[in-house]
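> Predicted structure and sequence below. I'll ask about it afterward.
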Amino acid sequence: MAKTASPGLDRILTLELVRVTERAAVAAARLRGRGDEKAADQVAVDAMRSELNRLPIRGTVVIGEGERDEAPMLYIGEEVGMGEGPEVDIALDPLEGTTICAKNLPNSLAVIAIAEKGSLLYAPDVYMDKIAIGPGYPAGVIDIDAPAIENLENVARAKGVSVAEITACILDRPRHARLIEEVRSTGAAIRLIGDGDVAGVIHTTDPEETGIDIYLGIGGAPEGVLAAAALRCIGGQMQGRLQLNTDEKVARAAKMGISDPTKVYQMEEMARGDVLFAATGVTDGNLLAGVKFSRDYIQTHTIVMRSSSLTVREIKAKHQDMDKF
């Protein structure tokens, strides 16, 4: 029997969730290319928080801008919403790719995922080792503990091509020097990105369009949970391991109920149940167009997805009442 969708999530499925990312994206887009990462992030946070508090939910931020002592708002554990309606977990990044936005480079997004209470991984704001591929592959093709060459060969074999026809997406960071060298030694290509690994993971779901077959490397845990939420809605495979490499990080994780600091999380463990995901482009990218300002309207480009129905909706909106932004 098909699973019955949650009526609570139905109420926030449509434009309500889209408005949250639209407002954050428009606020950040006003500051793109200005070179001020903190200012762009702050206005996106303010806009997203304000819009979240208009929703008829009892929401708890489980993946946010940081932990209580590190972030002025939208911190992990913060309660948002009108205080009525369904209880939900929220993972968010009001400005995914702050540096990208500040430099007006591609693929900066405003991103949010909402799920039934207890469904999203509750983790500290640390790094996460990740590996991800899109849909259409048999289970077990990727293994976060296997060498990169083995994962690339397995993906190539499953796709029916040579390794030289595979492209991996990796964050351009010094910590990835050895990984980059290993991938290139196989003959595979690499798409290096400066920031924005939520978009990087999502790009694996449509390699014909994006040219990316697999995502590898270490990025933020918040982005990892958001990416897992998106893949749950589109299809794919993902594994992640929190980088709890100090006693302080282990202790922070333990307070959040994480008893095994070496655990490998499957996609379904990072984002369970019925999941909603929305992203609005801040700058132009492979996934979404950025916010466009004209004399008479503001144009936004958003995708909103749901795991229970595997539905992906693309919304291109013209907002003529610009005072609301």
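Perfect, I can see it now. Computed from a prediction, not measured in an experiment: that's the story for all the values here.
> need the contact list for E87.
By Cβ atoms under 8 Å, 6 or more residues apart in numbering, the residues touching E87 are 57-60, 116-117. Yep, even glycine has a C-beta here, placed from its N, CA and C like the rest.
> Buried ones among those?
Buried members of the contacts of E87, scored by 16 or more other Cβ atoms under 10 Å, are 57-60, 116.
> Just the ones of the contacts of E87 in strands?
Counting by DSSP state E, the part of the contacts of E87 found in strands is 58-60, 116.
> Make JSON lines from those residues and add distance to D274 and pLDDT to it.
Output for the ones in strands among the contacts of E87, formatted as JSON lines (distance: Cβ to Cβ, whole Å; pLDDT from 0 to 100):
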{"residue": "R58", "distance to D274": "16", "pLDDT": "93"}
{"residue": "G59", "distance to D274": "15", "pLDDT": "94"}
{"residue": "T60", "distance to D274": "16", "pLDDT": "94"}
{"residue": "E116", "distance to D274": "6", "pLDDT": "91"}
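> Break down the protein into its helices, ranges please.
Remark: helices assigned in the chain by DSSP state H are 7-10, 15-29, 37-52, 98-103, 148-159, 177-185, 197-202, 207-210, 221-234, 247-255, 267-270.
> want to try CSV for those helices, with mean pLDDT as columns?
Compiled in CSV, the helices of the chain are given as follows (pLDDT from 0 to 100):
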stretch, mean pLDDT
helix 7-10, 60
helix 15-29, 94
helix 37-52, 95
helix 98-103, 95
helix 148-159, 98
helix 177-185, 97
helix 197-202, 92
helix 207-210, 91
helix 221-234, 94
helix 247-255, 91
helix 267-270, 96
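> Quick check: which of these is nearest to G66?
helix 221-234 (8.9 Å; Cβ to Cβ).
> Does R49 touch V80 like I think?
Yes. R49 is in contact with V80 according to Cβ atoms under 8 Å; the separation is 6.8 Å.
> With neighbour numbers in mind, choose between the two.
V80 (25 against 22; other Cβ atoms under 10 Å).
> dump the residue contacts of that one.
49, 52-53, 55, 57, 59-61, 74, 90.
> which among these gets closest to G35?
Distances from G35 to the contacts of V80, taken by Cβ to Cβ, are shortest for L74, at 23.2 Å.
> for I180, what are its contacts?
Per Cβ under 8 Å, 6+ apart, neighbours of I180: 170, 190, 192.
> Ranking by neighbours, what's the top pick from these?
Among the contacts of I180, I170 has more neighbours than the rest - 22 neighbours, counting by other Cβ under 10 Å.
> Excluding sequence neighbours, find me the nearest residue to that residue.
G217 (4.7 Å; Cβ to Cβ, 6 or more residues apart in numbering).
> Could you list which of the contacts of I180 belong to strands?
170, 190, 192.
> so where is the stretch 51-200 of the chain shaky, pLDDT-wise?
67-72 (pLDDT under 70).
> What about the nearest residue to P147 once chain neighbours are set aside, how many residues nearby?
Leaving aside its chain neighbours, P147 sits nearest to E182 (7.0 Å; criterion: Cβ to Cβ, 6+ apart). Using other Cβ under 10 Å, E182 has 16 neighbouring residues.
> Confirm for me that E182 is in contact with L152.
No. Counting by Cβ under 8 Å, E182 stays clear of L152, with 9.1 Å between them.
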